[in-house]
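# Predicted model, plus sequence, below.
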Amino acid sequence: TSSSFLPLKCGAGIDIRETQDENTSNPMMGIHNINPDLLQQMVYDALVWCSLHGLVVGDKSVQNSGIVPGVGMKHAPFALLPTSFPQTQWQQACDLMCIFNELIDRVSLDGNFLQDTLSRTKRVDVFTSRLLDIHSMMLEIKKKEEIRLGLHRSDYMLDDQTKDLLQIELNTISSSFPGLGCLVSELHSNLLNHYGDHVGLQSGRVPGNTALTGYADALGQAWKEYNDPRAVVMVVVQTEERNMYDQHWLSTVLKERHAVTTIRKTLAEVDSEGELLPDGTLLVGGQKVAVIYFRAGYAPSDYPSESEWEARLLMECSSAVKCPSISYHLAGTKKIQQELAKPNVLERFLENKDEIAKLRKCFAGLWSLDDPHAVRDALERPELYVLKPQREGGGNNIYGNNVRETLLKLQDGSEEQAAYILMQRIFPIASPTFLVRDGICHQDLAISELGIYGAYLRNKQKVIVNSQSGYLVRTKVSSSNEGGVAAGFAVLDSIYLT
Ligand code: ADP
Ligand code: MG
Ligand code: MG
């Protein structure tokens with residue numbers, strides 16, 4: 001049989017004999033008893049599928065794999081089977097997206113709200129401070145952003161005890177995996193089409209994923225609104241990017257569906273090759289730029305020198321559509337998330353009571369560190385909290401005993417407190433999962449985070465796009481705190497509706 005020559009190994013025990021409740025509502029429990037040969041075959045097929053369909057990332061161990069496409073590719077880490085998720089909360093998450101899209105747009109227009117809310121953070125966090133400086137300059141010159149494009153991803157976890165869908169954060173810059181996330185949904189449908197009967201799962205329960213076309217179409221429409229057929233879309237990239245295929249998927253679909261050309265530039269290249277014409281047109285390497293799509297610029301390490309900051313400012317001053325603009329970027333910070341969760345703040349931006357109630361329902365506990373009650377409780381029970389600085393990209397949060405230590409270090413009233421927010425720790429259910437990484441399948445207890453992609457485009461008073469466009473699930477071993485796929489903690493996944 002084909003399984004006899006499979007060059008695959010499975011990590012910790014396929015042969016799981018732990019008994020599970022037979023009449024459980026979780027269909028994934030059945031996979032405990034999966035036949036090892038069948039499992040090998042599914043893993044093998046999945047690895048072939050990834051390689052043939054571009055579900056790939058650059059391989060760190062190969063030089064240039066983050067620079068030259070086609071060099072040193074390996075399959076992206078993935079979960080072999082989709083994760084169970086209740087239909088009701090799935091629908092709830094989808095319904096929230098358009099409200100969040102609108103909220104971000106309105107918050108972005110309230111310059112004073114952004115400046116005031118972040119004013120204390122500004123004093124202690126150099127990175128946020130530099131972003132705010134650019135924002136201030138735009139306020140001073142009364143810079144108008146008439147065409148506004150948001151490509152967001154709102155992330156959630158399902159609290160196991162209450163079954164509440166709770167928001168982790170909303171990303172307004174560099175929301176990743178619209179390309180690869182779609183492919184994982186396709187991979188899972190494909191595997192279940194083939195093996196579903198053997199594992200008791202139906203492929204029809206994996207929701208279709210439109211993240212890639214949704215994002216590409218929004219970029220294409222923004223390009224069209226800019227209205228210059230010779231202009232290009234510029235993707236701002238890091239100097240080395242192992243997740244480049246996720247980005248190339250977008251550029252490729254943008255070219256196929258909208259005949260739009262994409263160029264890729266680092267912030268340093270934008271600084272050296274960029275110029276601003278008197279009418280605000282941005283030229284980079286002599287090419288007119290209609291839309292700037294940031295897949296870099298969200299972390300301090302993206303700005304190793306002044307020239308990267310100059311590039312950011314140059315772009316912000318231009319008439320190109322920025323995804324995101326500096327105000328969209330700031331509206332997605334954790335401090336703003338925490339402020340929006342305070343009583344009566346959403347009411348400043350939205351009128352519809354029903355929509356406000358829906359948003360509020362998904363807010364976890366969020367506190368500023370000048371809240372003595374929350375801080376006291378976090379000192380006593382640090383395991384129930386997460387301490388978050390104003391950072392993006394994973395790996396920055398503080399958990400467990402480090403929460404207490406950090407809170408103690410940041411003595412009462414110290415300015416440094418404003419660099420962080422405190423958040424209720426969410427505990428999703430841990431389920432047995434097959435995680436595939438570097439061609440090897442491991443089984444472990446894992447927890448999942450659902451991301452919903454949203455696209456928003458408007459030109460002056462006209463909302464052209466406001467949509468929920470696909471999803472992403474990232475699943476990680478439950479003993480790990482952080483969740484980054486690129487950082488090596490998590491795998492890409494999709495959902496199985498129950
Ligand atoms: P980033 O912008 O760096 O992605 P996040 O707020 O998403 O910051 O936090 C990173 C990861 O930390 C999340 O993907 C999630 O795995 C974990 N995490 C964040 N907040 C919580 C929380 N309140 N409860 C449990 N885990 C959390
Ligand atoms: Mg983030
Ligand atoms: Mg995150």
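Thanks, I have the structure now. Ligands and ions are numbered 1, 2, ... in the order given.

# dump the residue contacts of the spatially most central residue of the chain.
Nearest residue to the geometric centre of the chain (C-alpha atoms, centre = their mean): S175, 4.1 Å. Residues in contact with S175 (C-beta atoms under 8 Å, 6 or more residues apart in numbering) are 151-153, 451, 453. Just so you know, the C-beta spots here come from the backbone N, C-alpha and C atoms, and that holds for glycine as well.

# let's see it at 6 Å
151, 153 (C-beta atoms under 6 Å, 6 or more residues apart in numbering).

# before we move on, what about the one 10 residues further on?
When contacts are counted by C-beta under 6 Å, 6+ apart, S185 touches 206, 209, 494.

# Among those residues, name the ones in helices.
Applying DSSP state H to the contacts of S185, no entry is found in helices.

# of those, closest to R458?
Taking C-beta to C-beta as the measure, R458 lies nearest N209 of these, at 24.7 Å.

# hang on, isn't that closest one packed against C182?
Yes: using C-beta atoms under 6 Å, N209 is in contact with C182, at 4.5 Å.

# Quick one: the strands in the stretch 351-498 of the chain, in order.
With DSSP state E, counting those that start in this stretch, the ranges of strands along the stretch 351-498 of the chain come out as 366-368, 385-389, 398-399, 420-424, 431-437, 440-459, 462-477, 490-493, 495-497.

# Can you give the strand pairings for the last one, parallel or anti for each?
Strand 495-497 has the following sheet partners, assigned by DSSP bridges: strand 83-85 (parallel).

# tell me the domain ranges of this structure?
2-79, 83-364+426-497, 365-425 (automatic domain parsing).

# Mean neighbour count, those: which tops it?
Highest mean neighbour count of the domains of the chain: domain 83-364+426-497, a mean of 19 (counted as mean count of other C-beta atoms under 10 Å).

# and it, anywhere near ligand 2?
Yes: part of domain 83-364+426-497 sits near ligand 2 under the criterion C-beta under 5 Å from the ion, namely 169, 171.

# Show me how far that domain is from its chain's centre.
5 Å (C-alpha atoms, centre = their mean, to the nearest Å).

# wait, does it contact ligand 1?
Yes: contact of domain 83-364+426-497 with ligand 1 (C-beta under 6 Å from any ligand atom) involves 155, 168-169, 364, 426, 449, 482-483.

# Max pairwise distance over those: which two?
A364 and E482 (16.8 Å).

# how close does A331 sit to ligand 2?
Distance of A331 to ligand 2, given as C-beta to the ion, to the nearest Å: 13 Å.

# Now do P82, the pLDDT please.
Looking at P82, its pLDDT stands at 98.

# Next, the contact list for it, please.
Residues in contact with P82, defined by C-beta under 6 Å, 6+ apart, are 188, 206, 494-496.

# And these, which two are furthest apart?
Comparing every pair within those by C-beta to C-beta identifies H188 and I495 as the most remote, at 8.8 Å.

# quick one: secondary structure of the residue in the stretch 101-250 of the chain positioned nearest to ligand 1?
Here the stretch 101-250 of the chain gets closest to ligand 1 at one residue, E169, 4.0 Å apart by C-beta to the nearest ligand atom. Per DSSP: H, G, I helix; E, B strand; the rest coil, the secondary structure class of E169 is strand.

# That one and D155: what is the separation?
Separation of E169 from D155 (C-beta to C-beta, to the nearest Å) stands at 6 Å.

# Would you list the phi and psi of the closest residue to I429 other than its chain neighbours?
Closest residue to I429 in three dimensions, ignoring its sequence neighbours and counting by C-beta to C-beta, 6 or more residues apart in numbering: D160, at 4.2 Å. Backbone torsions for D160, taken as degrees, to the nearest 10, come to phi -70, psi -40.

# Report the rounded mean pLDDT for stretch 266-274.
According to the model, stretch 266-274 has a mean pLDDT of 98.

# hmm, who's touching it?
With C-beta under 6 Å, 6+ apart as the test, stretch 266-274 has contacts from 237, 239, 284-285, 307-308, 310-311, 314.

# from those residues, which ones fall inside strands?
Per DSSP state E, strands hold the following members of the contacts of stretch 266-274: 237, 284.

# Now the two most distant members of the contacts of stretch 266-274.
The farthest-apart pair in those, when distances are taken by C-beta to C-beta, is T239 and L314, at 18.3 Å.

# Okay, now the unreliable bits of this protein?
Low-confidence segments of the chain, defined by pLDDT under 70: 1-32, 483-484, 486-488.

# ok and the residue in the stretch 301-450 of the chain nearest ligand 1?
Residue of the stretch 301-450 of the chain nearest ligand 1, by C-beta to the nearest ligand atom: I426 (3.8 Å).

# Verify the stated contact: that residue with L166.
Yes: assessed by C-beta under 6 Å, I426 is found in contact with L166 at 5.2 Å.
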